[in-house]
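# Sharing a model that was predicted from the sequence below.
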2 protein chains.
Amino acid sequence: MVRYDPPLRDYHFLLHEVFDVCQEMTTLGFEEFDQEFVDTMIDEWAKFCKEVWLPTNAVGDEEGAKLSKGVVTTPSGFKEAWAAAVEGSWFATVCEPEHGGMGLPLCFRNTMDEFAISTNMALAAIGALCLGVYDLISEYGIGCLRSLYSPKVATGEWCGTMCLTEPHCGTDLGLIYSKATPMGDGSYRIKGTKLFITGGEHDLSDNIIHMVLAKLPDAPEGTKGISLFLVPKYLPADYVSGLPEDCSDQLAAEINGVGCSSIEEKMGLHGQPTCAMNFDDSVGWLVGELNMGMKLMFEMMNRERLATGMMGLGLGEIAYQNALDWCKERRQGRDLKGVNDPTEEADNILVHPDVRRMLLRVKANNEGSRALGIWIGTLLDQMKRGEGEVQEAAEALVAVLTPVAKAHMTDLGMDSTNDCIQVMGGAGYIRESSVEQFYRDVRIAAIWEGTNGIQALDLVGRKIAPNLGRHLRPLLWPILEFIEENRDIEGMAEFTKPLYQGVRGLQQVTLLLMSEGMANAHFLAAGATDYCRYFGNIMLSYLWARMAKVCLEKQGDDMFYDAKLATARIFFERIYPETISLAAKIQAGHHNLMTYPEAMM
Amino acid sequence: MVRYDPPLRDYHFLLHEVFDVCQEMTTLGFEEFDQEFVDTMIDEWAKFCKEVWLPTNAVGDEEGAKLSKGVVTTPSGFKEAWAAAVEGSWFATVCEPEHGGMGLPLCFRNTMDEFAISTNMALAAIGALCLGVYDLISEYGIGCLRSLYSPKVATGEWCGTMCLTEPHCGTDLGLIYSKATPMGDGSYRIKGTKLFITGGEHDLSDNIIHMVLAKLPDAPEGTKGISLFLVPKYLPADYVSGLPEDCSDQLAAEINGVGCSSIEEKMGLHGQPTCAMNFDDSVGWLVGELNMGMKLMFEMMNRERLATGMMGLGLGEIAYQNALDWCKERRQGRDLKGVNDPTEEADNILVHPDVRRMLLRVKANNEGSRALGIWIGTLLDQMKRGEGEVQEAAEALVAVLTPVAKAHMTDLGMDSTNDCIQVMGGAGYIRESSVEQFYRDVRIAAIWEGTNGIQALDLVGRKIAPNLGRHLRPLLWPILEFIEENRDIEGMAEFTKPLYQGVRGLQQVTLLLMSEGMANAHFLAAGATDYCRYFGNIMLSYLWARMAKVCLEKQGDDMFYDAKLATARIFFERIYPETISLAAKIQAGHHNLMTYPEAMM
């Protein structure tokens, strides 16, 4: 039986002790966001996820979503689990009150995401999409689209999708074939085939709102000619033509030419239908301006990228908890230094350094990732609600940190679930353990929303290179300031010293990438992935140093702080050193890769 | 559709150009083992695997083995694919002529293993077990066991298993409960439950020969009281009691009390039944001496460990070929330095440095692993047939290299299949791609035959520590000699220089482990896995330097050598540097791990 204890204490620590989120949010105008309120909300959501979502997760993997005659049925219990979250108004927490939301800060959503992902990633991912679609419609939908669709998608009563990929193109969307024909009355007819559409068709909600990339017949070539359309599965019952002005939320009997032709057989995430979708002269309405589809989709994707990063953490966390429980029970051999538990015929396997090595590495990466998630969450709120320099700095940081969080946290999620299988031996490889499901499920997170390689190229090519690394200043200067302020505090040197070296190292590899990359874009691209991982490592180093500082102040009160300090040491002694090899790989450059004869590969 | 081209040219290079295996084997007394013969055999086996086994592989994953009323049915085509290999006498190639074998050198078997694993790992693993069981019976079975069972198991007409693990113990076999009661007539009655038994029950062969670990009622405690028994699924039809003297190979109608109670639902390797086996007063006969079961089982496991290492390579190779093919076809974006293929609307994704980074890393690790497999293969022959110093040196090297090959090659296999999924993006995550099957299948190889953590402990604790690292001399001195002899050859410095640093580094971390480990076994165990990976990396560095040397001599004749040199450079520039971080992790020691409070994990 799978176990899960939402990491409430850790969130308490991060939200209130490390980041002082309530104070921060009050400054940004969220007046009712006090500690008691936050804690109550988080407790309730955690309870909900554990009690309502968790029992559906293994069933979802086992049964999988099924397609029959164009209708997708989700696994047993999914419909009810989704409906319960809609009923509890959980999906709308961070949406605007005018759309039925609670108007809570975005940083709260990250916390929610982790519990949701741990207990049912298939449902959680659909929830994340709803929020993305909500953001797009609320921000860019013209009035009647906003008033009709925003409240429904906010609550999850209707679900949303992103329809980008086509059979012949995913990363390179400039190649899409989908066409949008203007009807001259404010509506369009959409025609095309989209592939790998998460939640493209299912029975969780009465309606599904597709955000579809398509091109007008006379659109400019490539990505500059892509527009974004809102295409509902069902049109309003009283819709006739043009825009859905004054239409009701009653749905037509006939679907809007939107059909699911197949669902993918995937390695994992079986509970969630990944659909091939056909749009056959479907009625759609433009969202945002013509030919601005890529920009809008990227905005949505930014939010999804952070949610995807959280998938690495959510699955890493629940895998850890289950592997740890197993290790506590499993008795094999004796402590190498002698019998540890003479009442039993063997010690539990936590006496073995190699088992601890794996588990504690997972723990350190999970807790570091959690801090990164919260940090970016607060930056999103500063970006949305802050003013002047606060807003600008937050925007610069979010731009840089988003690809890092997506790639690094999902890479770590794969490493973590892998280690969790390994400590369990054969028991980790079988279905019964659940951990193997997490290993399969997390694998997609390194791919969707832009593969991790694409994230790394975004980081070096779009975020760092255009201004020769100057974008790093608002990020690295405060870190250097933090080091300066804390280096002489007793006990901090063991953390600030490697952090300082790491930041200097990051500056050096950045300089190298910039100087070599100016002359040769291949150099930049060849080092991108290793650079992104280096970057992620240093961000976690910074967050671990910040967490260590809080713990040093509070040490002694509570074992929690001692353990956290011990985890910080694990991080700096056993994970931080990975940067050294990464730097060497970045230095290797592109030459050996690009001169390799393709015919001999 | 999955593609597979057996890497024949690479085997030709390794067997004839790098290792000069025919000359070596002639010296050892294998007289007919000339190049023409070897090449013909390899070609034929490769053809067989590709034509007969490969088409069954995806079916095996899809259908899985099924248990119904105690009978296990393998997936469609498995029975025929197995029978065809039996018919062709392929399994018996390295067995003795007196048992129907061809008496070929063991190094030939490694080559066979790779093709078999690539095309159907489920069947290949059963084949590897047959050989292990054959070795045990032929070496330690008393006369009538040998004459009755060796020829049948040699050919694969009857299959074999290893029955070690029980529900409560796997790694720590001292805890087993299975009992063997002596009947006083040379036979025993075996009672017990065994878990995770690969091929414990199936329909590939008429009989299955189980090698079962059990304890006599009065046996010494722990592993010192374990004996090994041969327990056939069916007894000979004319068997009455005692030993099976003069019994025929006709089988009894009734099963010998051996039953399969369940098969595991696993993450991968669905085609192969992993069984829970009950022995209910089954008739068995002692193999080897009383209470020597562990020693014998370890001998068998040594052979299996190398075969398991080859699983990392076999799946890494076929994953690479399919990912590469996909990349050649897939067109997304343009070369960052400009349009590469103006006739198409996008370039293929091999123009992207990050895609090449992943693929070429896989290629370099595959080819390095292949060389390691052949090297150990020839050492096994030297160990078996050589004399005096040759034999002794080979034995020392095999002892050290076996755990390294098992752990390192399977770790690399996981990395490789992971990278191959990643280059394919969403297409890599779906069933259709095949690569996701290889990713799931290879995962077990890091677990069975002793987890990779256990391999690492075997390396440091049993192979290196007992004589303070002196066992490394017969390994490292020839490598240092190789460096010395070749450092001044034109073009070799770029390979011998890092290799020299790597060997020196390995000596240093070995010294560190020994000196700290003497005082504290936890230090040794905490660094074991990182040390084993370090070790594996340096072994591949050595082999890459040897391969580079051959290529430098032949360069220009054939693109093959230029490409191989380029791959060697990829290895030294992009994989070798991983040792730096590993050394730092080894230095971190055990303290941070072992002082971590268990209650706070």
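Thanks, I have it. Note that this is a predicted model, so its numbers are computed, not measured.

# can you pull out the helices in the stretch 301-450 of chain A?
With helices called from DSSP state H, counting those that start in this stretch, the stretch 301-450 of chain A shows them at A:353-385, A:388-424, A:426-429, A:435-442.

# What residues of the second one count as buried?
Under the neighbour-count criterion of 16 or more other C-beta atoms under 10 Å in any protein chain shown, helix A:388-424 has A:393-424 buried. For glycine as for every other residue, the C-beta is placed from the backbone atoms N, C-alpha and C.

# which of those residues come close to chain B?
A:Met414, A:Asn418, A:Ile421, A:Gln422 (C-beta under 8 Å from any C-beta of the partner chain).

# Tell me which residue lies nearest the centroid of chain A.
Of all residues in chain A, the one closest to the mean position by C-alpha atoms, centre = their mean is A:Thr308, 2.0 Å from it.

# That one reaches A:Ile447, doesn't it?
No - with contact defined as C-beta atoms under 8 Å, A:Thr308 and A:Ile447 do not form a contacting pair (9.5 Å).

# Counting neighbours, what do you get for A:Glu245?
13 (other C-beta atoms under 10 Å in any protein chain shown).

# what do you get for the one 3 residues further on?
The local packing of A:Ser248 (other C-beta under 10 Å) involves 11 other residues.

# mind checking pLDDT for it?
Per-residue confidence (pLDDT) for A:Ser248: 95.

# show me the contacts for it.
A:Pro236, A:Ala237, A:Asp238 (C-beta atoms under 8 Å, 6 or more residues apart in numbering or on different chains).

# Kindly recompute the last result at 6 Å.
A:Pro236, A:Asp238 (C-beta atoms under 6 Å, 6 or more residues apart in numbering or on different chains).

# can you check A:Leu506 too?
By C-beta under 6 Å, 6+ apart, the neighbours of A:Leu506 are A:Ile538.

# Mind putting the helices of the stretch 301-450 of chain A into JSON lines with distance to B:Ile454 and mean pLDDT?
Output for these, formatted as JSON lines (distance: least, C-beta to C-beta, whole Å; pLDDT from 0 to 100):
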{"stretch": "helix A:353-385", "distance to B:Ile454": "9", "mean pLDDT": "97"}
{"stretch": "helix A:388-424", "distance to B:Ile454": "11", "mean pLDDT": "97"}
{"stretch": "helix A:426-429", "distance to B:Ile454": "12", "mean pLDDT": "96"}
{"stretch": "helix A:435-442", "distance to B:Ile454": "19", "mean pLDDT": "98"}
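
# could you redo those as CSV and give each row distance to B:Gly184?
Shown next, in CSV, are these (distance: least, C-beta to C-beta, whole Å):
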stretch, distance to B:Gly184
helix A:353-385, 44
helix A:388-424, 42
helix A:426-429, 37
helix A:435-442, 47
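
# quick one, which of the ones you listed is nearest to B:Gly88?
Shortest distance between B:Gly88 and those, using C-beta to C-beta, is found for helix A:426-429: 31.8 Å.

# how far does the closest one sit from the chain's center?
The chain centre lies 27 Å from the centre of helix A:426-429; the measure is C-alpha atoms, centre = their mean, to the nearest Å.

# what's next to it, contact-wise?
By C-beta under 6 Å, 6+ apart, helix A:426-429 touches A:Ile421, A:Ser433, A:Val435, B:Phe196, B:Lys266, B:Met267, B:Ile444, B:Ile447.

# Can you show me the strands along chain A?
For chain A, applying DSSP state E gives strands covering A:66-68, A:71-73, A:159-163, A:179-182, A:188-198, A:208-215, A:226-232, A:234-236, A:251-255, A:258-263, A:274-287.

# what's the closest of those to chain B?
strand A:188-198 (4.7 Å; C-beta to the nearest C-beta).

# gap between the closest residue in space to A:Met121 that isn't next to it in sequence and chain B?
Nearest residue to A:Met121, sequence neighbours excluded (C-beta to C-beta, 6 or more residues apart in numbering or on different chains): A:Asp441, at 5.2 Å. Using C-beta to the nearest C-beta, to the nearest Å, one obtains 11 Å as the distance from A:Asp441 to chain B.

# contact partners of stretch A:158-169?
Under C-beta under 6 Å, 6+ apart, the answer for stretch A:158-169 is A:126, A:129-130, A:133, A:152-153, A:173, A:175-176, A:194-197, A:199-200, A:204-205, A:207-213.

# about what we covered before: dump the strands of chain A to TSV, plus mean pLDDT and mean neighbour count.
Shown next, in TSV, are the strands of chain A (pLDDT from 0 to 100; neighbours: other C-beta atoms under 10 Å in any protein chain shown):
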stretch	mean pLDDT	mean neighbour count
strand A:66-68	97	12
strand A:71-73	97	15
strand A:159-163	97	27
strand A:179-182	98	19
strand A:188-198	97	22
strand A:208-215	98	26
strand A:226-232	98	26
strand A:234-236	98	19
strand A:251-255	96	13
strand A:258-263	96	18
strand A:274-287	98	22
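
# got JSON lines for those, with distance to A:Pro498 too?
Converted to JSON lines, these look like this (distance: least, C-beta to C-beta, whole Å):
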{"stretch": "strand A:66-68", "distance to A:Pro498": "51"}
{"stretch": "strand A:71-73", "distance to A:Pro498": "50"}
{"stretch": "strand A:159-163", "distance to A:Pro498": "40"}
{"stretch": "strand A:179-182", "distance to A:Pro498": "53"}
{"stretch": "strand A:188-198", "distance to A:Pro498": "39"}
{"stretch": "strand A:208-215", "distance to A:Pro498": "44"}
{"stretch": "strand A:226-232", "distance to A:Pro498": "45"}
{"stretch": "strand A:234-236", "distance to A:Pro498": "57"}
{"stretch": "strand A:251-255", "distance to A:Pro498": "58"}
{"stretch": "strand A:258-263", "distance to A:Pro498": "47"}
{"stretch": "strand A:274-287", "distance to A:Pro498": "42"}
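
# residue contacts, A:Lys62?
I think there's a mix-up here, since residue A:62 is Glu and not Lys. Going by C-beta under 6 Å, 6+ apart, the list of residues near A:Glu62 is empty.

# same thing with A:Val355?
Here A:Val355 is in contact with A:Cys327, A:Ile349, A:Val423 (C-beta under 6 Å, 6+ apart).

# Give me the below-cutoff pLDDT ranges for the stretch 101-250 of chain A.
Within the stretch 101-250 of chain A, not a single segment meets pLDDT under 70.

# what are the ranges of the helices in it?
Going by DSSP H, counting those that start in this stretch, the stretch 101-250 of chain A shows helices at A:106-140, A:143-155.

# Pull the distance from the longest one to the chain's centre.
This points to helix A:106-140. 9 Å.
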